[in-house]
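Engineer: sequence below, structure please.
(2 chains)
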Amino acid sequence: MSLEYFLQVFVSGFTRGSIYALIALGYTMVYGIIQLINFAHGEIYMIGAFSLLILIGVLSMLNLPVLALILIAVLVSILYSAGYGFTIERLAYRQIRNAQRLSLLISAIGMSMFLQNYVLLAQTSSFLYFPKFLEDIPLFQNTNILNASQAVIFSATALIMILLTVFVRYTRTGKAMRALSQDRTMAVLVGVPTNRTISITFIIGSITAAIGGGLVSAQIGQIHFYMGFIAGIKAFVAAVLGGIGNIPGAVLGSFILGLTESFGTTLISSDYEDVFAFIILILILIVKPSGLLGKNRSEKV
Amino acid sequence: MLKIESVNAGYREAVVLHEMTIEVNEGEIVTLIGGNGAGKSTTLMTISGLVKVFGGDVLFEGTSLLGVTPEKIVKHGVIHVPEGRRIFPNMSVLENLDMGSMLRKNRAEIDKDRENVFELFPILHERRNQVGSTLSGGEQQMLAIGRGLMARPKLLLLDEPSLGLAPILVQQIFSVIRKIRDDQGCTVFLVEQNANQALQVSDRGYVLATGEIKLSGESDILLKNEDVKNTYLGAS
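Structural biologist: Alright, predicted model coming up:
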């Protein structure tokens, strides 16, 4: 394998990892706060892509400049998807938040199936063409190592990570989120508004997932009602790999998964593209179930 | 200031508190003593809205706290420092203190109160950037009380602040409780198994057994009461 080829594979793995990270953040933040694996989260990614496509279609009738069109469509689709995240929590999780965890999990799976089928019925079962805003134009002459679409995905992901880190560390709501995830009863006793903070967590997770959905679609050029399922499962694996509930862990896990898939498909066979994630899942569950950066939770007396 | 009026409270089917009546007046330190499982913590959780009340009423400054969410009760100025300290383990000392002032806006006043807490507990200032889980038990207890004070409580509910601490620290904590009341005019409702020392710092006391108030009165009188001596103070 030549160095250039190696770097190409590396960069493409990193791109995949970025997208997984955008989805995994939502999984891990929600898990951190209410110990729920929100299986409907992958659907938000899919809804982000569908709503973006619809908005582009509608807005393109208005004769706007292309950049303005994309910007408005992206913003509205993000808000729309955030609305879904918010509503899912209100409808499917809030009432049973204190029930057994299994009830919540089943509710989440139900929500996921409902959303998939709703998009299937309301839209279509076939692949839809998505305008390729992010084209694979090489950024450097004489080499294919990094292209424009990858650069956009990296920068968008990096920006979101930075914003999120600042938010969680320094803002009042961010601190409230951390407090809730560390000790829910105590958070309530210092006056953290539980419901509002949980809603905000769902909204933030949905925003990043929708951005991921938009980016992927604009790079690949097609979308499908089922796209959220497999991407969601893989992002979930990434979150578990890094230690679910741990934000830096989710990012680390995503990059490891992205790179593994990228090198795995190149070195072994692209037929096994979807297998690597599950091999990783099984290995991590055997070797270190708490994840790479996760701490073993021990009850303190 | 606080009136608990013939309250029955508990968890699901289990009623823990029976017809409990307690009154705490402004500026007092009142102690609730009782053995394990008597319902001491449940009493405090009832006040802060964490436990279901089946009958009776809990009044704070004349308004009922029943059906009020715990976070609103915090806004009223009723601050609960729960058993086991419950320091946010992955937050620094400073961040833990900041969580205490979560609902307040005035930066200058918050900064002043933080200085106050550091004056009461200088060790917290030394440890200010250390993560909560790395503190010793005594330091965690100080931080828990400090975090409570950051909310500028009108009424501070303290659940077994002396539990598991070395005797010298126990003394320090009790003298701080006294100081909080004397200097800041904060009313304190204290729950303790360490009846002797708790009664010594408090004005009045209640004795709780199996969810019922058995005795109440001035602390000096309770300290001399034969039953209290035998059961809670260790007859000597």
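Engineer: going forward, measure contacts between C-alpha atoms and count neighbours the same way
Structural biologist: Noted.
Engineer: within the helices and strands, which one has B:L32?
Structural biologist: strand B:29-33 (DSSP states H and E).
Engineer: quick one: the next helix or strand after that strand near chain A?
Structural biologist: Using DSSP H and E, the next helix or strand after strand B:29-33 towards the C-terminus is helix B:40-47. No: on the criterion Cα under 8 Å from any Cα of the partner chain, helix B:40-47 is out of touch with chain A, staying 9.7 Å away.
Engineer: any idea how far helix B:40-47 is from the chain center?
Structural biologist: 10 Å (Cα atoms, centre = their mean, to the nearest Å).
Engineer: ok and the very next helix or strand once past it relative to helix B:40-47, angle-wise?
Structural biologist: Using DSSP H and E, the next helix or strand after helix B:40-47 towards the C-terminus is strand B:52-60. If you take axes from the mean of the first three to the mean of the last three Cα atoms, to 10 degrees, strand B:52-60 sits at 70 degrees to helix B:40-47.
Engineer: kindly export strand B:52-60 (C-alpha atoms) in CSV.
Structural biologist: The C-alpha trace of strand B:52-60 is given here as CSV (Å, rounded to 0.1, in the frame of the first residue of the first chain):
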residue,chain,number,x,y,z
LYS,B,52,-45.4,11.3,48.2
VAL,B,53,-47.6,12.9,50.9
PHE,B,54,-50.8,11.0,51.5
GLY,B,55,-52.3,13.3,54.1
GLY,B,56,-51.7,16.5,56.1
ASP,B,57,-49.9,19.5,54.9
VAL,B,58,-46.4,21.0,54.7
LEU,B,59,-46.4,24.8,55.0
PHE,B,60,-43.4,27.0,54.3
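Engineer: what is the mean pLDDT for the helix or strand following it?
Structural biologist: Following strand B:52-60 in sequence order, the next helix or strand is strand B:63-64 (DSSP H and E). Mean pLDDT, computed over strand B:63-64, is 94.
Engineer: quick check: neighbours of strand B:63-64 in the sheet, parallel or antiparallel?
Structural biologist: strand B:52-60 (antiparallel) (DSSP bridges).
Engineer: and the strand it pairs with, which residues are buried?
Structural biologist: By 16 or more other Cα atoms under 10 Å in any protein chain shown, the buried positions in strand B:52-60 come out as B:K52, B:V53, B:F54, B:G56, B:D57, B:V58, B:L59, B:F60.
Engineer: report the distance from it to the chain centre.
Structural biologist: That offset, for strand B:52-60, works out to 18 Å (Cα atoms, centre = their mean).
Engineer: do stretch B:160-175 as well
Structural biologist: With Cα atoms, centre = their mean, you get 13 Å for stretch B:160-175.
Engineer: can you give me the buried ones in it?
Structural biologist: Buried-residue list, stretch B:160-175, by 16+ other Cα under 10 Å: B:E160, B:P161, B:S162, B:L163, B:L165, B:L169, B:V170, B:Q172, B:I173, B:F174.
Engineer: count the residues that sit near the nearest residue in space to the second one that is not next to it in sequence.
Structural biologist: When the adjacent residues along the chain are set aside, B:P161 lies closest to B:Q141, with 6.6 Å between them (Cα to Cα, 6 or more residues apart in numbering or on different chains). The number of residues packed around B:Q141, counting by other Cα atoms under 10 Å in any protein chain shown, is 26.
Engineer: how about A:I106?
Structural biologist: So A:I106, with other Cα under 10 Å, has 15 neighbours.
Engineer: could you do B:H125 as well?
Structural biologist: Neighbour number of B:H125 under other Cα under 10 Å is 17.
Engineer: pull up the per-residue confidence for the spatially closest residue to it that is not a sequence neighbour.
Structural biologist: Among residues not flanking B:H125 along the chain, B:F118 sits closest, at 5.4 Å (Cα to Cα, 6+ apart). Listed pLDDT for B:F118 reads 96.
Engineer: and B:F118, how far is that from chain A?
Structural biologist: According to Cα to the nearest Cα, to the nearest Å, B:F118 and chain A sit 19 Å apart.
Engineer: host element of that residue?
Structural biologist: Going by DSSP H and E, B:F118 is in helix B:107-120.
Engineer: now what about the next helix or strand after that helix, what contacts it?
Structural biologist: Moving toward the C-terminus from helix B:107-120, the next helix or strand (DSSP H and E) is helix B:122-126. Residues outside helix B:122-126 that contact it (Cα atoms under 8 Å, 6 or more residues apart in numbering or on different chains) are B:V93, B:F118, B:E139, B:M142, B:L143.
Engineer: what about the helices in chain A?
Structural biologist: Taking DSSP state H as the test, the helices found in chain A are A:3-34, A:41-59, A:66-88, A:101-122, A:148-170, A:172-182, A:184-189, A:194-220, A:227-242, A:247-267, A:275-287.
Engineer: can you tell me the centre-most residue of chain B?
Structural biologist: By Cα atoms, centre = their mean, chain B has its centre lying nearest to B:L158, at 1.3 Å.
Engineer: what average pLDDT does whatever helix or strand it lives in get?
Structural biologist: Here B:L158, judged by DSSP H and E, is contained in strand B:155-159. Averaging the model's pLDDT scores along strand B:155-159 yields 96.
Engineer: so what's B:G138 closest to, chain neighbours aside?
Structural biologist: Using Cα to Cα, 6+ apart, the closest residue to B:G138 is B:L165 (6.1 Å).
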